[in-house]
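S.K.: missing the sequence, but the structure's below:
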Ligand SMILES: [Zn+2]
Ligand SMILES: [Zn+2]
């Protein structure tokens, strides 16, 4: 059985920042939290996940800006064009969520759920067949079983990004 792995590539709108995912991304889903609404200027964003060491910036390191968007999450973006690129959360230190819209081929992934659905504006076209979670999923890696909110109190230390 021979499987040829083809890395997934992507980048920002102006082309300054380029990245490569050296594993098949997983856990693709919509996030409708208020920060995603602000960052996207829309009703939510789609992220897909890879392990942190499988995410490589291949061009434009100097253009990558970052900011702490919540007490548990840090986001990166292109300083030139503003494209949101990633979010890294303290409760999943070894993984990183990448904005699906910046993939060269966004069809490479497909969202499987909605998180923070309770914060979504009523005009968001929810895909009725996908599971919706009021906040985080109850089986979120890095959180206690059933815990659906991440907070600084429960997670110690800063992540690597
Ligand atoms: Zn850019
Ligand atoms: Zn969000």
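M.R.: Everything's here; your move. Predicted model only: the values in this text are computed from it and were never measured. Ligands and ions are numbered 1, 2, ... in the order given.

S.K.: and the residue sitting nearest the centre point of the chain, which of the three is it?
M.R.: The chain has residue 97 as the residue nearest its centroid, 3.1 Å off, counting by CA atoms, centre = their mean. Here residue 97 is recorded as strand under DSSP: H, G, I helix; E, B strand; the rest coil.

S.K.: likewise residue 35?
M.R.: helix.

S.K.: in contact with the closest residue to it other than its chain neighbours, which residues?
M.R.: Distance criterion CB to CB, 6 or more residues apart in numbering; nearest residue to residue 35, sequence neighbours excluded, is residue 69 at 4.7 Å. For glycine as for every other residue, the C-beta is placed from the backbone atoms N, C-alpha and C. Under the criterion of CB atoms under 8 Å, 6 or more residues apart in numbering, the neighbours of residue 69 are 35, 39, 75, 87.

S.K.: tell me which residues in stretch 137-144 are buried?
M.R.: For stretch 137-144, burial by neighbour count (16 or more other CB atoms under 10 Å) applies to 137, 140, 142-143.
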